[in-house]
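In: Quick one, fold the following:
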Amino acid sequence: MAQRTAPHGMRIFTFIWIGQLFSLIGSGLTEFALGVWVYQRTESATQFALITFFIALPHIVISPLAGALVDRWDRRWAMILSDVGAGCCTLIVALLLFTGRLEIWHVYVAVLASSTFGAFQFPAYSVVMTMLVPKEHLGRANGMVELAWAAGRIISPLLAGLLVAAISIEAVILIDVATFLFALGALLVVRVPNPEPTSGDAEEEGILRSVRYGWAYIAERPGLRGLLLFFLAVNFSLGFFQALFVPLILSFASTETLGITLSVGSSGLLIGGLLMSVWGGPRRRIHGVIGLGVPFGLCLLLTGVQPSVTLIAVASFVFFLLQPIINACDHAIWQSKVEPDVQGRVFAMRRTIEMSSALLAYLIAGPVIDYLFAPLLAADGPLVGSVGQLIGVGPGRGIGLLFVLLGLMPIGTALWAYLSPRVRLVEDELPDVVADKPADEEQISREADDRVGPVLAAS
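Out: Now for the predicted structure:
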């Protein structure tokens, strides 16, 4: 059954997005500041890395349950409660810092609890977007979300580094609390229509059955299964890339060169998100997903071919440029084909599976290089006379070989997807769930637009 969107929904969504943008940047400030605080006191890379682990863990373990609960709740209030919970966690950390009582384990508990609240944010935010944004603008809206995520990832560390030196870690964390309040205020002044119930209504199911429903829904639709398989390959490759990119550069270049290369590559995320926000992606979004899988894999392959800073910088820039376009097009397909009242369960299950492949890659990257690929291209390795003649021998060349092989994974999966009619024609075979909206939702939209309009105009 087609669901309905508000006529001024894009305007309302933009207002919510601005609040979430500030919140993401603020969260990035706290993550960076706490990482510095932990490392300065422990000088332990392991304890530093545990912060990232505890941030990622709830999005894998809790997401299916969070999605099932979100489908039972008012989605706007789910986002509000998520922001309130995460903001309280940050405020507690700030208070412990001010009183000199903060311990390392407090940081782990705080980021774990904050990320648990964040696990409710993603499925709720996705449904809110679906209910507000017309189908033709879903690509743009998802591009804006990718842009906000990139801004939080790139701007926050730069800004936090300056602020920690200029003021204090405590003040930086309080800035994060202020951004949570800004995002909360944006959500409080708008109204979002809730989706109409379908046969998969979560209220009529037990919670465990609701969790299982997310996978059952995907399993029954070959096109969506194929998209999920494609992203398993993409995220698995991306996980290795993120874990090993720094060691690859440092194997033949200085830390200054590493910083420049990272900046050039990461700028692709911002530009890709901005491009998608303005453009909205191709008319057939499937071409923006699997069609870009080939150049995406090719760029990963090129980063491993030769120890060349120029080649790696250009390839990583295009690699990151394509990422928000692929993600936004993919998410727009899911939003337009999955009924909004079950999106919480379906999207949470999808997120859990996709993130699990990246986490697996991150966990096994070190041993795979140390015990398998690095010895193959060591000075006396078995591949010196063959592959070594093409990509080089010595430090970092094992990582290069792995990147070449990993680049073939999204390329091969994309070609398979194009040869699969169920995946290639998923936009044609699955009915849309977005259409015009009825009068009651129109009234909601007008009321929300009256509140949002003056604020947007002032900004």
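In: I'd like to know the average pLDDT value across stretch 100-109.
Out: For stretch 100-109, mean pLDDT is 91.
In: Poorly predicted segments of the stretch 301-450 of the chain, please.
Out: By pLDDT under 70, the low-scoring segments of the stretch 301-450 of the chain are 434-450.
In: Strands along that one, start to end?
Out: Secondary structure of the stretch 301-450 of the chain (DSSP state E, counting those that start in this stretch): strands at 434-435.
In: Which parts of it are helices?
Out: 309-337, 343-368, 374-376, 388-391, 397-419, 421-424, 426-429, 439-458 (DSSP state H, counting those that start in this stretch).
In: Just the buried residues of the second one, please?
Out: Put plainly, it is helix 343-368. By 16 or more other Cβ atoms under 10 Å, the buried positions in helix 343-368 come out as 343-359, 361-362, 365, 368. Yep, even glycine has a C-beta here, placed from its N, CA and C like the rest.
In: Could you do the first one as well?
Out: Within helix 309-337, the residues that count as buried by 16+ other Cβ under 10 Å are 309, 312-337.
In: Could you give the separation of that helix from the chain centroid?
Out: 11 Å (Cα atoms, centre = their mean, to the nearest Å).
In: Now do that helix against helix 343-368, angle only.
Out: 150 degrees (axes from the mean of the first three to the mean of the last three Cα atoms, to 10 degrees).
In: could you check the angle helix 397-419 makes with helix 309-337?
Out: 30 degrees.
In: Check the second one too.
Out: Using the same axes, to 10 degrees, the direction of helix 343-368 lies 150 degrees away from that of helix 397-419.
In: what's the offset of helix 343-368 from the middle of its chain?
Out: With Cα atoms, centre = their mean, you get 11 Å for helix 343-368.
In: For Val190, I want the exact helix or strand it lies within.
Out: For Val190, there is no host helix or strand (DSSP states H and E).
In: My read is that it contacts Thr14, right?
Out: No: judged on Cβ atoms under 8 Å, Val190 makes no contact with Thr14 at a distance of 10.7 Å.
In: who's more crowded, these two?
Out: Val190 (22 against 16; other Cβ atoms under 10 Å).
In: Quick check: the gap between the more buried one and Phe13.
Out: 9 Å (Cβ to Cβ, to the nearest Å).
In: Show me what the strand or helix carrying Cys299 is packed up against.
Out: Cys299 belongs to helix 293-305 when assigned by DSSP H and E. Helices and strands touching helix 293-305, by 3 or more Cβ pairs under 8 Å, 6 or more residues apart in numbering; DSSP states H and E, are helix 222-250, helix 309-337, helix 388-391, helix 397-419.
In: would you list those helices in JSON lines and tack on distance to Gly280?
Out: Compiled in JSON lines, those are given as follows (distance: least, Cβ to Cβ, whole Å):
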{"stretch": "helix 222-250", "distance to Gly280": "19"}
{"stretch": "helix 309-337", "distance to Gly280": "9"}
{"stretch": "helix 388-391", "distance to Gly280": "39"}
{"stretch": "helix 397-419", "distance to Gly280": "21"}
